[in-house]
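J.: Need coordinates for the below:
(2 chains)
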Amino acid sequence: MTVSTTENCGEGRREKGEGQNPSSIFLDTTAEDHHIARMAAVALGLTILENAIPSPLPGVKPGLANIVTLIVLARYGWRAAAWVSLLRVVAGSLLFGSFLAPGFFLSLSGAVCSLLVLAFAQHLPSRWFGPVSHSIYAAFAHIAGQMLVVYLWLIPHAGIAYLIPIFAAAALVFGTVNGLIAARFMDNAERDLASEKST
Amino acid sequence: MNSHESIHAAILPHLKSGDWLTLLLGGASVVLLALNLWSGGLADKAIIRSGGKIFREVPLSRDQQIEVPGPLGISVITIEKRKARITSDPSPRQYCVRQGWLQQAGEIAICLPNQVSVELTGSTKKYDSLNY
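T.: Numbering: from 1, shown residues only, chains lettered A, B, ... in the order given. A predicted model of the protein is given here:
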């Protein structure tokens, strides 16, 4: 387990370096960039894992990758969480061959809405609100964004309203479970860190 | 028993009071959504279409049988006790007949082969289910 020591929330600049020869391009990457890439890779792994799980209804998915987003949000802030989430959506769609297909836009709209809501939810007083709350609000925002795209673009028929309660219930259940997993992971990690320090 | 306790230990310490509030709000909104979106509303009119055109609009208050001609033959629509159904139809697979009674606004039975459909609407049309 590698613990990143970058505590700076500064700019993760990506500058194009001077190449030695014209055919090579160098990217100066910061430690934060590396960290975001690592986290996005973990999220991607969870996405692939999740795709192997059969779903009773198309669109009802646990959204395991969001556990990573929640942890990154709590530890490294919203900007890093947005990077991880959006990288996961784009890279995931490339892996599954659905880039720019309807499924990609559904993921994207869900992720963007979740991130927008998380931008507000992260400012909830942390004394009372933990990752579980963040997760539930994000999950509801996720289905809201997806249903909006489905309605405005894919199935412009009000009949899909009948599916909203099912999706909302799934969002509540999976949002709670994901939030609990994220909270448990972080609490355990903190405890380990504390015990490491005390010894 | 032991596993039960460990589940509690796994969940409860990670829930703060605000999280419970969020859970409560989430649960309430799911229930409200289900009640609002699944209740449908009462229907009081049946719109019968044949070949895509409105054949007749009938109130559900009066029990009656209506014969609707289509390209395959006659579809019979029955209205009884504020409900409507397609009683018989010449279509080969009889999907619309097997759909049974329609009761709520927005419900629709369509016999595609015979191009006949019955749609129930309320006094306030929530949405147009055939044309958007």
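J.: Outside of the longest helix anywhere in chain B itself, list whatever touches it.
T.: Secondary structure of chain B per DSSP state H: the longest helix is helix B:17-39. Defining contact as CB atoms under 8 Å, 6 or more residues apart in numbering or on different chains, one finds that helix B:17-39 is touched by A:124-125, A:128-130, A:132-133, A:136-137, A:140, A:161-162, A:164-165, A:168-169, A:171-172, A:175-176, A:179, B:15, B:104. Heads up, the C-betas are built off the backbone N, CA and C, glycines and all.
J.: and the helix or strand following that helix, is it in reach of chain A?
T.: Of the helices and strands lying after helix B:17-39 in sequence (DSSP states H and E), the nearest is strand B:45-50. No. Strand B:45-50 lies apart from chain A when judged by CB under 8 Å from any CB of the partner chain; the minimum separation is 16.0 Å.
J.: before we move on, what SS does residue A:197 have?
T.: helix (DSSP: H, G, I helix; E, B strand; the rest coil).
J.: pLDDT wise, what is it at?
T.: Per-residue confidence at residue A:197 stands at 81 (pLDDT).
J.: do residue A:92 as well
T.: pLDDT, residue A:92: 93.
J.: List the residues that contact the closest residue to it other than its chain neighbours.
T.: The shortest distance from residue A:92 to any non-neighbouring residue, by CB to CB, 6 or more residues apart in numbering or on different chains, is to residue A:47 (4.7 Å). Residue A:47 makes contact with A:64-65, A:88, A:92, according to CB under 8 Å, 6+ apart.
J.: 10 Å - rerun?
T.: A:61, A:63-66, A:68, A:88-89, A:91-93, A:95-96, A:107 (CB atoms under 10 Å, 6 or more residues apart in numbering or on different chains).
J.: In terms of helices and strands, where is it?
T.: helix A:31-51.
J.: Give the next helix or strand downstream of that helix.
T.: Following helix A:31-51 in sequence, per DSSP H and E, is helix A:65-76.
J.: Is chain B within reach of that following helix?
T.: No. Using CB under 10 Å from any CB of the partner chain, helix A:65-76 stays clear of chain B, coming no nearer than 11.9 Å.
J.: I'd like the next helix or strand past that helix.
T.: Assigned by DSSP H and E, the successor of helix A:65-76 is helix A:78-96.
J.: mind listing what's buried in stretch A:157-169?
T.: Across stretch A:157-169, burial judged by 16 or more other CB atoms under 10 Å in any protein chain shown covers A:161, A:163-169.
J.: wait, which of those residues is closest to chain B?
T.: residue A:165 (3.8 Å; CB to the nearest CB).
J.: Now do the phi/psi pair for that closest one.
T.: phi -60, psi -40 (degrees, to the nearest 10).
J.: how near is it to residue A:94?
T.: 33 Å (CB to CB, to the nearest Å).
J.: With residue B:9 instead?
T.: 41 Å.
J.: do residue A:41 as well
T.: 13 Å.
J.: Repeat that for residue B:120.
T.: Taken as CB to CB, the span from residue B:120 to residue A:94 is 46 Å.
J.: before we move on, what about residue A:40?
T.: With CB to CB as the criterion, residue A:40 and residue A:94 are 12 Å apart.
J.: who has more neighbours, the two?
T.: residue A:40 (25 against 12; other CB atoms under 10 Å in any protein chain shown).
J.: And for residue A:106, nearest residue in space, chain neighbours not counted?
T.: Per CB to CB, 6+ apart, closest to residue A:106 is residue A:146, 5.1 Å.
J.: In chain B, what residue spans correspond to strands?
T.: B:45-50, B:53-59, B:64-69, B:74-80, B:83-88, B:108-111, B:116-121 (DSSP state E).
J.: any idea which of these is most buried?
T.: strand B:116-121 (a mean of 25; mean count of other CB atoms under 10 Å in any protein chain shown).
J.: picking that back up, for residue A:100, which of the strands of chain B is the nearest?
T.: Nearest of the strands of chain B to residue A:100, taken as CB to CB: strand B:108-111 at 33.9 Å.
J.: Give me the contacts around that closest one.
T.: A:159, B:46-47, B:49-50, B:68, B:70, B:72, B:75, B:77, B:84-86, B:89-91, B:93-102, B:116-121, B:129-130.
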